[in-house]
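Visitor: 3D, please:
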Amino acid sequence: MATEVIMPKLGQTMEHGVIAEWLVQEGQSVRRGDPLFKIESDKAVLESNAPSSGVLRKILVPQGATAPILSRVGVIAAADEDISAFLAEGSTEAAAPATAEPVAEVPAAASEPARTVDSDEEAGERRFASPRARRLARLEAVDLKSVVGSGPDGRIVERDIQAYLQSSPKATAAARAAAAGLGLDLTEVAAAGTGRVTAADVMGVVGAAPALAETPAAPAERAPLAGVRAVIAERMKASVDATASYTLTAEADASALLKWRKAAKAAAKEGEPVPSFNDLLARLLVVALREHPDLNAHLEGNEIVRSASINIGVAVDSPRGLVVPVLRDVQRMSVNEIAAGAAELVTRARAGQLLPDEMSGGTFTISNLGMFGIDAFTPIINVPEVAILGVGRIAERAVVRKGKIVARPMMVLSLTADHRLVDGAPAARFLQRLVHFIESPLLAL
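Guide: Take a look at the predicted model:
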């Protein structure tokens, strides 16, 4: 019996999902529970499994397109089963893929998967290539007509572009573009002593002035503002538009914080995560936010909601962009429990495995750029929260202690708050209290 493949709802906040990749193509057999396709939702990419066994007879939402949750994206049935009734009901109204790549209209058997092609067509010849292969080819100025595909039906995949680059002379993208424009074979161009062919080398072969400025420039790479990048852009713009933000900065002597982390590291059992500075700050923030509940709040319509729970979001730089997993009920956790929970969330965030609900419900956020050598910055509020704490690096600086100049490990804290809900003075008192806890952690513990 035919079975509909549905876009699943992965969290309470999810309304749409993007088909990041079909793992099974039309005409291929699949067993119930096998990975069927990958879903991109906000900043996570998760697999959806086949709801039944059979043949994937029809893909209704192509790779790269968006579909509403609980809508139909495909049909699984027996190889000879009539699925016309499913198709007659109409396919999912999915948004076009953000890449807007043309789709090849070529005669194919019913079991042959639809394929996306590059836009380079000459004399009616079409070269099939994956989106990743096309992107790498554009980046390295590789002519797809020169590449032999190893994918299904000769489709060019990313590894084919990589193999071509390894087998051909080392050259800059500008050199490849110049050679292609002049009809030259890079093997005929001798590198000018650098071991890598440049655009100047290419132009030198045809007697042109070797100045790089006179060589044909490689085309600018264009990418759609879509997927994860679009989500980040939308949220950052919403934050700037909706809040009256201001930033306060203060320095803290991190000597006691360093000793605390050293002791926690020594006490950690084998296999246990060592508390990070973010974990220690989260524990101190619990006390500071309890004393200043206006900073642990969010706006709902015209109401300020002060949360009884302290749910701390931690900004994470992942391969897919900025993500903010939320550690819930931090007020109930010890430092070791905070470290374990945060480590798991960060690992899953960088692997793109977070659920949408795990990135919502925060009441306060930490953004730490200290590992990049940043002293201070202006973090953007993660709306609808009231404030966010920016953490800079710990570095030795000259400070005055009892009339003498001494070197101390100092750190800069940057607190961005929404002036609609919190005035400058209360925010300053909160930041002052947090500095006090950092310099004397036992007062908070």
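
Visitor: Measure how buried A268 is and give me the count.
Guide: Around A268 there are 14 other residues, counting by other Cβ atoms under 10 Å. Any C-beta I mention is one placed from the backbone N, CA and C, and that applies to glycine too.

Visitor: need the contact list for it.
Guide: A268 sits next to V274, P275, N336 when contact means Cβ atoms under 8 Å, 6 or more residues apart in numbering.

Visitor: any idea how far the residue sitting nearest the centre point of the chain is from R350?
Guide: Note on the chain: the residue nearest the mean C-alpha position is R320, at 1.9 Å, using Cα atoms, centre = their mean. As for R320, its distance to R350 is 9 Å (criterion: Cβ to Cβ, to the nearest Å).

Visitor: for V326, same thing?
Guide: From V326 to R350 the distance is 16 Å (Cβ to Cβ).

Visitor: Neighbour count for the two, which is higher?
Guide: Neighbours were counted for V326 and for R350 using other Cβ under 10 Å; V326 has more, 21 against 15.

Visitor: who's the more buried one bridged to?
Guide: Applying DSSP bridges to V326 gives these bridge partners: G313.

Visitor: so it sits right up against A315, yeah?
Guide: No: between V326 and A315 there is no contact under Cβ atoms under 8 Å: 11.0 Å.

Visitor: Would you state the helices of this protein in chain order?
Guide: Under the criterion DSSP state H, the chain contains helices at 84-88, 131-140, 158-167, 173-182, 199-205, 227-242, 255-267, 277-291, 335-350, 424-439.

Visitor: what's the least confident stretch among those?
Guide: Mean pLDDT is lowest for helix 199-205 among the helices of the chain, at a mean of 64.

Visitor: By mean pLDDT, point me to the weakest helix or strand of the protein.
Guide: None of the helices or strands of the chain scores lower by mean pLDDT, DSSP states H and E than strand 117-122, at a mean of 42.

Visitor: give me the number of residues near S167?
Guide: Neighbour tally, S167, other Cβ under 10 Å: 7.

Visitor: which ones are touching it?
Guide: Per Cβ under 8 Å, 6+ apart, neighbours of S167: none.

Visitor: Domains of the chain: list them as residue ranges, please.
Guide: The chain breaks down into these domains under automatic domain parsing: 3-88, 117-214, 227-443.

Visitor: Relative to E221, which of those domains is closest?
Guide: domain 117-214 (6.1 Å; Cβ to Cβ).

Visitor: Could I get the contacts of A268 in JSON lines, plus columns for distance to A20 and neighbour count?
Guide: Output for the contacts of A268, formatted as JSON lines (distance: Cβ to Cβ, whole Å; neighbours: other Cβ atoms under 10 Å):
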{"residue": "V274", "distance to A20": "34", "neighbour count": "14"}
{"residue": "P275", "distance to A20": "34", "neighbour count": "27"}
{"residue": "N336", "distance to A20": "36", "neighbour count": "17"}
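
Visitor: Quick check: of the residues you listed, which lies closest to N49?
Guide: Using Cβ to Cβ, the contacts of A268 come closest to N49 at N336, 34.9 Å.

Visitor: Is that closest one in contact with E272, as I believe?
Guide: Yes: here N336 reaches E272: they are 6.8 Å apart, a contact under Cβ under 8 Å.
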